[in-house]
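*Asks:* Fold the stuff below for me.
(chains A, B and C)
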Amino acid sequence: MATISANKANRLFWLGRYVQRAYMTLHLLRRVYDKMIDGEPTDYQEFWKKMDINDNYATRGEFTLGMLYDEENPGSVASSLQHAMDNAILLREDIKTETMSFIEISIAMLKKQRHVAESNITNLQPITDWMLAFRGSAAQRIEDPRVLALLAIGQLTEKMDIMLRFSYDYERIATQYCLLKTWTKLWPELLDENIDRQICRMLEPETYAQADDNFRWTLCKYVNSLVMV
Amino acid sequence: MLLRCLPREEAFQHVCNEQFTINEEFWYRERRDGLGNRIIITGTDTAHTFVDYACSGIVETTIYCIPDSAPHPMFSLPSRLTQPSREMLTLMPRLTGSFLNDCLALSHEVHRYLAYTPGVTHILTTAQEAYRLRQGVCQDYSHLMISLCRAVGIPARYVCGLMMGEGQTHAWVEAYDGQCWYAFDPTNDTAIASGYIKLAHGRDALDCPVSRGTYIGITQQHTFVNVSVKEI
Amino acid sequence: MGYINLLDLIESRDAVNKWMERYGVRFGVYKHGVFNEQLFPFDSVPRIIPKSDWDYLEAGLKQRVKALNRFLWDIYHEKQIVKDGIVPEEFVYAGKGYMPECEGVDPVGKVYAHIAGIDLVEGKDGQWYVLEDNLRIPSGASYPMVARELCRKVSPQTFKDNAVADNRDYSDLLRQMMNEMCVDGGIKVILTPGRYNSAFFEHSYLAEKTGATLAYPGDLVMEEDKVYYIGMFKEKVRVGAIYRRVSDEYMDPLCFEAQSLLGIPGVMQAYKAGNVALINAIGNGVADDKGIYYFVPKMVEYYLNEKPILQNAPTYLPYYEEDKDYVLANIEKLVIKDVSEAGGYGVMFGKDMDEKRLAEMRQLINDEPRRWIAQEVIDFKDLGLLEGGEMVERKADLRAFVLTGKDTVVWKSGLTRFSRNPDSFVVNSSQGGGFKDTWVMMK
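*Replies:* Purely as a prediction, here's the structure:
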């Protein structure tokens, strides 16, 4: 099996994160739109606060287009996909051309939809499908389990990050953590031991404070510095 | 890192009691470059803030003359830093066909034309640039003389080495008379008989830098060189 | 060869281009200092080479590349061809491509040009001519490989009906050659200057298809005469062969360009010690110089004692008085090339110059005869291609790829590039233009 350089490990990890971010962003946007059907029209503001985005979109329409297509907005689907591509393009021989192509076609579709200012997120369903296909293709085609592991570690790290921001409950988060630990068994040295201990301590059913913003914020910070690539 | 700090083995100079030292975390190997110059290849993957290397020894010399039955054709052709220009060739003195006299005349012409001025030229300055500036240091004197020699069909090469006393490395010219290479120092307007230690030669200065290196990290870099040659 | 029906294939051009977009088949271009990736426009009408033509080309290309490899060995060793006066020394030892650092170096198997890209054109009279030998880092093989894969996908019937040699074996040829060159069972890597190199797609695609590791500057180190790939936990893995897509002068900052960040400091020492194969070898520029080109048919006779099979375009070297007189007298019908330029630059047509420019050119040739070559303009056979739904005729060349490991083999395909400008003879992809698949017929 080919050796993985530090740069390559870093790119695989971030590729996993960005693909997951694009997927999760679409997923959460669909949720917030659903909420707005019978909720307050300003409910969307909650969303970008949680995502830590500085841009203040004045209207719901601006918010929608901004979250989907604005490459300057680091939380947008466009920006996540572009970052995913920036990493994927340097990993062709590991993840394979066919796997990369799901990001290529997602970006192409997003560009087309931006052009017509498509705001009905349902019409972006193919991108969600392709993000899932990306993972399927990776699992099918990647020959090196370590490459797959690094992608999965990135994906799970991102998933935990976003779940904590959006106050998911204990079980959901603990499951992701458990999965992450399964993948890192290949390389225990990849994890920062101290941080790992902190997370273990905070991720106990009785200590996990789902409603405490500060608590989740601290945990989120730990999750983001757990993997050393 | 690549170092060209060891004297060449030549007919006129022999090195004994040679010692080379460098930071202990550096591995090193002695090799030859494509021109037969002795080089040291060295490196480390551990973090360091300086590299301290030293080479010392005794060099026995006789009269400066290097027999060569088949000089490499590259020494007869222009190189990157010695490409002649038409104006430059106006410097050409009247040549007599006597090798020694002609070389001395060329050396003298270069010496007369250039003013020794440190700091106006750099390691990549060409003979043409030095010609236009009318200034330079030993490297530029040598390049200009080499250009002229090659233009009149005398094979010539650049030499980097050491002179008697304290200070920096020096540069001079070797010219080929059909049997041997003889040395001329246009900076000092003289033919060289002895008292010079030759480190390396090449087409021009680009072929024989004393040190070349790369490192990973962001830092200010300073290089200090100290040369000391005494007669015993 | 019977009638070849290309209709189905031609109609699927858009489908192929769509797939190429999906696969990220791109080509980097710098315009005004800004890097841009573009699709390399593909035209679905293939260049078809009949078997008889191919047999001739294949034999000629093998012969030519064998002679060039012998020449490179000779130049860096005994220099017999110079001593015998076949090639003047100023064409060898004063050029930018000559590397004194390679004097006496013995590359694995004495191979210098492992991958040669020989540019040819077919004249209107059916005669093939070699235009250029590219022995440094020729690019372009990946494009016809991908194109064929996609054409077979969208128009399977076309390939069922025609006996076209499969060209997707390029990666196998490359892998086998790299295996043959590889030293001490080390790993094989493709060294790329990085994402912003115009041929980055090709570097990554060939790595994928050959199973070699794609290495970026900084991934490789030289230590004690050996090259290693550095893993994520600082572990060192021995490298046996480097298919490098970094040019000579940037390969080793200790020996060549001191400022280069693209190379491997000290790699020359490992190479000289025979501990790593460099594919292609360093110093090949001395043999693919536009001036040396003139002498290649003479090399074939000199080293192989055979009559050259392939022809050069009729070429004149102003270095020789007789040729200079001819060039000065006939300049308006010749093409003049600056020996020191590459990639379609420095190519000038006498017919495009006004009196003033012609006079300047004559003066330049008089001043520096060694710097120029002149060639008769070849009347290329035009190839048909689709433009806005219509068939038009355009100039096209062919880059054939010749691989040398233990043996010399010619890839049964090639990169056919065409010019989009109807008046242009320059088909270099760094100056716009597109490409076609190249079919070598088996019957």
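*Asks:* can stretch C:211-224 be found next to chain B?
*Replies:* Yes - Stretch C:211-224 reaches chain B (Cβ under 8 Å from any Cβ of the partner chain) through C:218, C:221, C:222, C:223, C:224. Placement of C-beta: from N, CA and C, glycine included.
*Asks:* For the one residue in chain B that gets nearest to chain A, list the residues it contacts.
*Replies:* Chain A sits closest to residue B:216 of chain B, with a gap of 12.4 Å, by Cβ to the nearest Cβ. By Cβ atoms under 8 Å, 6 or more residues apart in numbering or on different chains, the residues touching residue B:216 are residue C:218.
*Asks:* and it, what element?
*Replies:* Residue B:216 belongs to no helix or strand when assigned by DSSP states H and E.
*Asks:* Ranking by neighbours, what's the top pick from the residues of stretch C:211-224 next to chain B?
*Replies:* Highest neighbour count within these, by other Cβ atoms under 10 Å in any protein chain shown: residue C:222, with 24 neighbours.
*Asks:* what's the pLDDT at it?
*Replies:* pLDDT recorded at residue C:222 is 96.
*Asks:* That one: helix or strand, and which one exactly?
*Replies:* Assigned by DSSP H and E, residue C:222 falls in strand C:220-223.
*Asks:* if we can go back for a sec, let's have the residues of stretch C:211-224 next to chain B in TSV, adding distance to chain A.
*Replies:* Formatted as TSV, those follow (distance: Cβ to the nearest Cβ, whole Å):
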residue	distance to chain A
C:218	7
C:221	11
C:222	16
C:223	15
C:224	19
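*Asks:* quick one: which of the residues you listed is nearest residue B:46?
*Replies:* residue C:223 (12.0 Å; Cβ to Cβ).
*Asks:* That closest one: what's it in contact with?
*Replies:* B:27, B:43, B:45, C:236.
*Asks:* for chain B, what are the nearby residues on chain C?
*Replies:* C:79, C:82, C:89-90, C:92-94, C:98-105, C:218, C:221-225, C:234, C:253-255, C:258, C:265-266, C:269, C:272.
*Asks:* before we move on, the earlier item: after the strand holding residue C:222, next one along is what?
*Replies:* strand C:226-230.
*Asks:* Which strands and helices lie in contact with that next one?
*Replies:* strand C:220-223, strand C:236-244, helix C:267-272 (3 or more Cβ pairs under 8 Å, 6 or more residues apart in numbering or on different chains; DSSP states H and E).
*Asks:* quick one, which of those is packed in tightest?
*Replies:* Highest mean neighbour count among the helices and strands packed on strand C:226-230 (mean count of other Cβ atoms under 10 Å in any protein chain shown): helix C:267-272, with a mean of 26.
*Asks:* Which strands and helices lie in contact with that helix?
*Replies:* So helix C:267-272, by 3+ Cβ pairs under 8 Å, 6+ apart, packs with strand B:27-32, strand C:220-223, strand C:226-230.
*Asks:* Output those strands in a markdown table; the columns should cover distance to residue A:43.
*Replies:* Formatted as a markdown table, those follow (distance: least, Cβ to Cβ, whole Å):
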| stretch | distance to residue A:43 |
| --- | --- |
| strand B:27-32 | 64 |
| strand C:220-223 | 53 |
| strand C:226-230 | 50 |
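*Asks:* tell me which residues in stretch C:118-135 are buried?
*Replies:* C:118-122, C:128-135 (16 or more other Cβ atoms under 10 Å in any protein chain shown).
*Asks:* Let me see the mean pLDDT of that stretch.
*Replies:* pLDDT averaged over stretch C:118-135 gives 94.
*Asks:* in which helix or strand would I find residue 125?
*Replies:* All of this refers to chain A. With DSSP H and E as the criterion, residue A:125 is inside helix A:125-141.
*Asks:* other chain: chain C
*Replies:* Per DSSP H and E, there is no helix or strand for residue C:125.
*Asks:* if we can go back for a sec, and residue C:174, which of the helices and strands packed on strand C:226-230 is closest to it?
*Replies:* Closest approach to residue C:174 among the helices and strands packed on strand C:226-230 (Cβ to Cβ): strand C:236-244, 7.6 Å.
*Asks:* the inter-axis angle of the closest one versus strand C:226-230?
*Replies:* Interaxial angle of strand C:236-244 relative to strand C:226-230 (axes from the mean of the first three to the mean of the last three Cα atoms, to 10 degrees): 100 degrees.
*Asks:* Listing partners with orientation, what would you give for strand C:236-244?
*Replies:* Applying DSSP bridges, strand C:236-244 is found paired with strand C:187-191 (parallel), strand C:226-230 (antiparallel), strand C:277-279 (parallel).
*Asks:* Give me the distance from it to the chain's centre.
*Replies:* 23 Å (Cα atoms, centre = their mean, to the nearest Å).
*Asks:* Longest helix in chain A, please.
*Replies:* helix A:6-38 (DSSP state H).
*Asks:* Now find how far off-centre it is within its chain.
*Replies:* Worked out by Cα atoms, centre = their mean, helix A:6-38 lies 3 Å from the chain centre.
*Asks:* residue ranges with poor pLDDT in chain C?
*Replies:* C:1-3, C:342-344, C:423-432 (pLDDT under 70).
*Asks:* which bits of it sit near chain A?
*Replies:* C:21-24, C:187, C:195, C:200, C:204-205, C:207-208, C:211-216, C:218-219, C:229-233, C:235, C:237.
*Asks:* distance of residue A:99 from residue A:15?
*Replies:* 10 Å (Cβ to Cβ, to the nearest Å).
*Asks:* what do the two both touch?
*Replies:* With Cβ under 8 Å, 6+ apart, residue A:99 and residue A:15 have common neighbours residue A:88.
*Asks:* from the chain's centre, how far out does whichever helix or strand comes after the helix holding residue A:125 sit?
*Replies:* Next helix or strand after helix A:125-141 toward the C-terminus (DSSP H and E): helix A:145-165. With Cα atoms, centre = their mean as the basis, helix A:145-165 stands 8 Å off its chain's centre.
*Asks:* now check helix A:145-165, is it near chain C?
*Replies:* No - Helix A:145-165 lies out of reach of chain C by Cβ under 8 Å from any Cβ, never closer than 9.0 Å.
*Asks:* tell me what that helix is packed against?
*Replies:* In terms of contacts (3+ Cβ pairs under 8 Å, 6+ apart), helix A:145-165 is packed against helix A:6-38, helix A:92-95, helix A:125-141, helix A:170-184, helix A:213-224.
*Asks:* Please identify the deepest-packed of the ones you listed.
*Replies:* helix A:92-95 (a mean of 24).
*Asks:* For the helix or strand following that one, which helices and strands make contact with it?
*Replies:* Moving toward the C-terminus from helix A:92-95, the next helix or strand (DSSP H and E) is helix A:97-115. Here helix A:97-115 touches helix A:60-69, helix A:77-88, helix A:125-141, helix C:13-22, going by 3+ Cβ pairs under 8 Å, 6+ apart.
*Asks:* Can you name every helix or strand that the longest one contacts?
*Replies:* Helices and strands touching helix A:125-141, by 3+ Cβ pairs under 8 Å, 6+ apart, are helix A:6-38, helix A:97-115, helix A:145-165.
*Asks:* For residue C:75, find the nearest of those helices.
*Replies:* Nearest to residue C:75, of the helices and strands packed on helix A:125-141 and by Cβ to Cβ, is helix A:6-38 at 37.9 Å.
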